[in-house]
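Chemist: Here you go, sequence then predicted model.
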Amino acid sequence: MTNTPATRLIPVQQVRAVEGRDDRWCGHVTLPGDSASRHVLIVHHKDELIAVPANCPHEGVSLANSEMDETGKLVCPAHGQLVPMDENNENYRVNEIAGEFFIIPPGSFVEGRSDDELVRLRQEVISLRQANTALQSQVLNVSDQVEHVLDELSQKSNALQRQSDEQRRLSAFVNRVVDTMDGLLVVLDARGMVMQVNAAGCKALGYTAQDLEGQSADRLIEPQQLAELSVTGNGSSYPEGLVLFRRTVGEDSMQLEVNLQPKKHPMPHPRFLLRGSPIYDRAGKLEGAVIVGSDVTSLRQREQALIESEKRFRDYSQVSSDFFWQTDESHILFGTAEGTSLTNSASSPLSPGHHPKEFAPPEDLDSKAIPWREHLDDIAAQRPFRDFECRFHAESDLVWMSVSGKPVYDRQGVFQGYRGTAKDITERRQMEDELRMHRDHLSEMVEERTLDLLKAKEEAERANRMKSEFIANVSHEFRTPLHAILSFAGFGNKRLNEAPLEKLGSYFQRIEESGSRLSRMVNDLLDLAKLEAGHQPPDPKPTDIVELEESLRRQLDGLIASKSIQVDVQTATDNRMAEVDPDQFSQVILNLLSNAIKFTPHDSRILIRFDDAADTAALRFSIADQGPGIPEDELESVFDKFEQSSKTKTGAGGTGLGLAICREIVTRHKGTIHASNNEEGGATFIVEVPRATSGEGKVAPKKHAFLF
């Protein structure tokens, strides 16, 4: 091998790229013979790398970002002088080997080795050095990371310990709070099962926590109410059977009132108001639900007691002969009234918003009238008063009242007005006046009273006869269907196992027919009793009588068809509206239609007519049949209670109350009803009732409202 020159390479230390330039680097190099390192700039020049001083030799300005001219020389940015790039004592060629830079000083040789071998050896040394550096760096990094991880684990462990301690403290605190709650609290897990029940809930229902944990909360609800809640469920996707859990989660909140079932069933079932809400974690995942309950048993009992108390008060008010009144606090004017005395009359001597003395006769308010003066003094002094008797103008009449009242104060003792009762004593005062008149004119009134007594005696005897006839008639009419019911029921019972089904069916049909007949008679008696007692006051409203009759007649189409009766309807008026109570007046139409169908022979005709009455303010409604008619001397008495026409007593039966009910209803509607015979046979019943008035022309009836 021949000796070939080899370059002595000097590594450039602390190399860094010039910011913003891809072809320039800065670094430091220590050349042989130098006591200090040089700061050099490595620049591309003519396809070579040249290391030049990093600073301008004239003024020391940095050449890192200086420009090159067209000859390849650097231009000093300070004064514009050119810095040569040729190799000299200041400039050196540079080799780049494996990413590192080495300066090649001119005139240096290495004997016995080729440049390639030297480069290879140097590259191996550099690679070993880099690998060692990288390994050291990795070991240091791993060590730092391990220390960092250990530090983090220690911190996390301490934090978890603190969190665990805080969790236990909070859990113990929450458990103490839950157990001190007065109401029921149930915690459910994500499956809807009981996780926890507080002490108050266990005590109220007689369970232990172990009885309920892991069970469905539905166990606490009465089975009947649980079934109702299951039917009205919200269709949640959670398992069937978990009613409370499904309603709580499905509605995102739940509130319902139910009876809970204690462990010992004979115990009273308490009433609880339950409220429930689902529980979610931070990610929105369902963790369970919490249900709280308040025992409202005593509250509902008090509410029921208040309702019953109010009902008792209203019942007493309705059956009382007195009525009740209340005034305001400023002018002692009339406020509200309630009761059964004159409050239901058609006219009132007093009106809300006025002082009672406005309706008293002037002579009663005279300065010499001691009762009124003392009464007004009591009111001014807010004193209670009792049985104050006074007179009031009621249209053209004078009404005597006995009034009692007491002042009313709020919780702060502020006067609110008066509240009290009043009673109509007009009849009593009239009786007292009559007694005085009797005492004064006894001899003159004996004869008149005797005549009145005789008349009353005759009325009583007539009423007694009517009662006897009624009892005889009713006993016969009641006995007939009762006998049929008992007979056919006995037949059916005796022949239950031997009679064919068709025969038993006929027995039941006879029993049903007899029961229906008996029911109709009882209903007639009850309807008449209610009407006479005033328990069914009419509620008139504009009603189309023709439409009402048509709808009712359709109910009797089967009966009409069974007798082949032809029904003709004539409407001779344009105004078919009447002021009647549709429900009550329907009974009048049904009774008259039923009678006409009952007494009209087969293949006959019934005529129904609507026209104007002689008084144009009334509507006339008539029904004509082709039955046996009514004797002339009985045309009026057929409307009496318990009376029947002599021509129908034995023919069609009944109690004789239907027409009496019709007259009572029509009279209460301020109408009239009468009967007449037809020339061709049969009878006609004619009803006249007031026509409906327009809303503007209609005057609401007055009511008595005595308020002091």
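Modeler: Cool, the structure landed.
Chemist: The strand or helix carrying Ala422: which residues count as buried?
Modeler: For Ala422, the host element (DSSP states H and E) is strand 415-424. By neighbour count on 16 or more other Cβ atoms under 10 Å, the buried set for strand 415-424 is 417-424. C-beta coordinates here come from the backbone N, C-alpha and C atoms, glycine included.
Chemist: okay, those in JSON lines with distance to Asp574 next?
Modeler: Formatted as JSON lines, those follow (distance: Cβ to Cβ, whole Å):
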{"residue": "Gly417", "distance to Asp574": "53"}
{"residue": "Tyr418", "distance to Asp574": "54"}
{"residue": "Arg419", "distance to Asp574": "53"}
{"residue": "Gly420", "distance to Asp574": "53"}
{"residue": "Thr421", "distance to Asp574": "51"}
{"residue": "Ala422", "distance to Asp574": "48"}
{"residue": "Lys423", "distance to Asp574": "49"}
{"residue": "Asp424", "distance to Asp574": "44"}
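Chemist: Between the residues you listed, which sits nearest Val197?
Modeler: Arg419 (50.3 Å; Cβ to Cβ).
Chemist: so who does that closest one touch?
Modeler: Applying Cβ atoms under 8 Å, 6 or more residues apart in numbering to Arg419 gives the contacts 324-327, 405-406, 408.
Chemist: Taking those, please make a ChimeraX selection of just the buried ones.
Modeler: Command for ChimeraX that selects the buried part of the contacts of Arg419, burial taken from 16+ other Cβ under 10 Å:
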select :324,325,326,327,405,408
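Chemist: Now, the contacts of Arg419 that are in strands?
Modeler: If you go by DSSP state E, the contacts of Arg419 have 324-327, 405-406, 408 in strands.
Chemist: With adjacent residues omitted, what lies nearest to Phe272?
Modeler: In space, Phe272 comes closest to Gly293 once its chain neighbours are excluded; the distance is 4.2 Å by Cβ to Cβ, 6 or more residues apart in numbering.
Chemist: I'd like to know the beta-bridge partner residues of the one you found.
Modeler: Judged by DSSP bridges, the bridge partners of Gly293 are Leu184, Leu274.
Chemist: isn't it right up against Leu274?
Modeler: Yes: contact criterion Cβ atoms under 8 Å: Gly293 and Leu274 qualify, at 4.7 Å.
Chemist: Need the residues touching each of those two.
Modeler: Shared contacts of Gly293 and Leu274, defined by Cβ under 8 Å, 6+ apart, comprise Leu184.
Chemist: now the helices: where do they sit in the stretch 251-400 of the chain?
Modeler: For the stretch 251-400 of the chain, the helices defined by DSSP state H, counting those that start in this stretch cover 297-319, 370-380.
Chemist: swap that for the chain, please
Modeler: Using DSSP state H, the helices found in the chain span residues 115-180, 199-205, 209-212, 223-231, 243-250, 297-319, 370-380, 426-440, 442-494, 501-533, 545-555, 557-562, 582-599, 658-668.
Chemist: residue contacts, Glu222?
Modeler: Counting by Cβ under 8 Å, 6+ apart, Glu222 makes contact with 258-261, 269.
Chemist: List just the nearest of those to Val194.
Modeler: The shortest approach to Val194 among these belongs to Leu260, at 13.7 Å (Cβ to Cβ).
Chemist: and the closest one, how many residues sit next to it?
Modeler: Per other Cβ atoms under 10 Å, the neighbour tally for Leu260 reads 21.
Chemist: ditto for Arg428
Modeler: A count of nearby residues for Arg428, using other Cβ under 10 Å, gives 13.
Chemist: In stretch 679-698, which residues are buried?
Modeler: 682-692.
Chemist: and the two most separated of those residues?
Modeler: For the buried residues of stretch 679-698, the maximum inter-member distance is 30.9 Å, found between Gly682 and Ala692 (Cβ to Cβ).
Chemist: doesn't Asp182 make contact with Asn198?
Modeler: No: counting by Cβ under 8 Å, Asn198 stays clear of Asp182, with 9.6 Å between them.
Chemist: nearest to Glu549, of the buried residues of strand 415-424?
Modeler: For these, the residue nearest Glu549 by Cβ to Cβ is Asp424; the value is 40.3 Å.
Chemist: I'd assumed Trp400 was in contact with that closest one.
Modeler: Yes: assessed by Cβ under 8 Å, Asp424 is found in contact with Trp400 at 7.3 Å.
Chemist: now Glu680, nearest residue through space, not along the chain?
Modeler: Setting aside the residues directly before and after it, Glu680 is nearest to Gln626 in space (Cβ to Cβ, 6+ apart), at 7.5 Å.
Chemist: pLDDT wise, what is that neighbour at?
Modeler: We have a pLDDT of 88 for Gln626.
Chemist: residues in contact with it?
Modeler: By Cβ under 8 Å, 6+ apart, the contact set of Gln626 is 600-601, 604-606, 678, 680-682.
Chemist: Among the helices of the chain, single out whichever gets nearest to Pro631.
Modeler: Evaluated with Cβ to Cβ, the helices of the chain place helix 582-599 nearest to Pro631, the distance being 13.8 Å.
Chemist: Sort out which residues of the closest one are buried, please.
Modeler: 582, 584-599.
Chemist: Buried residues of stretch 37-57, list them for me.
Modeler: 38, 40-45, 49-52, 54-56.
Chemist: Could you do stretch 200-216 as well?
Modeler: Neighbour-count burial for stretch 200-216 flags 200-202, 204-205, 207, 212, 216 (criterion: 16+ other Cβ under 10 Å).
Chemist: For stretch 64-80, what does the pLDDT average out to?
Modeler: Rounded to a whole number, the mean pLDDT of stretch 64-80 is 81.
Chemist: For it, buried residues please.
Modeler: For stretch 64-80, the neighbour count (16+ other Cβ under 10 Å) marks 64, 66, 73-76 as buried.
Chemist: so which of these comes closest to Arg553?
Modeler: Proximity of the buried residues of stretch 64-80 to Arg553 (Cβ to Cβ) peaks at Ala64, which lies at 119.7 Å.
Chemist: any idea how far the closest one is from Ile104?
Modeler: Applying Cβ to Cβ, to the nearest Å, the value for Ala64 to Ile104 is 22 Å.
Chemist: do Arg419 as well
Modeler: From Arg419 to Ile104 the distance is 125 Å (Cβ to Cβ).
Chemist: again, but for Gly288
Modeler: For Gly288, the distance to Ile104 - Cβ to Cβ - is 80 Å.
Chemist: what's the answer for Gln81, then?
Modeler: Separation of Gln81 from Ile104 (Cβ to Cβ): 27 Å.
Chemist: These two: which is more packed in?
Modeler: Legend: neighbour count by other Cβ under 10 Å for Gln81 and Ile104, higher for Ile104 (16 against 13).
Chemist: surely the more buried one meets Asn91?
Modeler: No: in terms of Cβ under 8 Å, Ile104 does not count as a neighbour of Asn91; the distance is 11.3 Å.
Chemist: Quick one: the helices of the chain as JSON lines, columns for mean pLDDT too.
Modeler: Formatted as JSON lines, these follow (pLDDT from 0 to 100):
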{"stretch": "helix 115-180", "mean pLDDT": "79"}
{"stretch": "helix 199-205", "mean pLDDT": "83"}
{"stretch": "helix 209-212", "mean pLDDT": "85"}
{"stretch": "helix 223-231", "mean pLDDT": "82"}
{"stretch": "helix 243-250", "mean pLDDT": "83"}
{"stretch": "helix 297-319", "mean pLDDT": "81"}
{"stretch": "helix 370-380", "mean pLDDT": "82"}
{"stretch": "helix 426-440", "mean pLDDT": "79"}
{"stretch": "helix 442-494", "mean pLDDT": "71"}
{"stretch": "helix 501-533", "mean pLDDT": "68"}
{"stretch": "helix 545-555", "mean pLDDT": "87"}
{"stretch": "helix 557-562", "mean pLDDT": "85"}
{"stretch": "helix 582-599", "mean pLDDT": "86"}
{"stretch": "helix 658-668", "mean pLDDT": "83"}
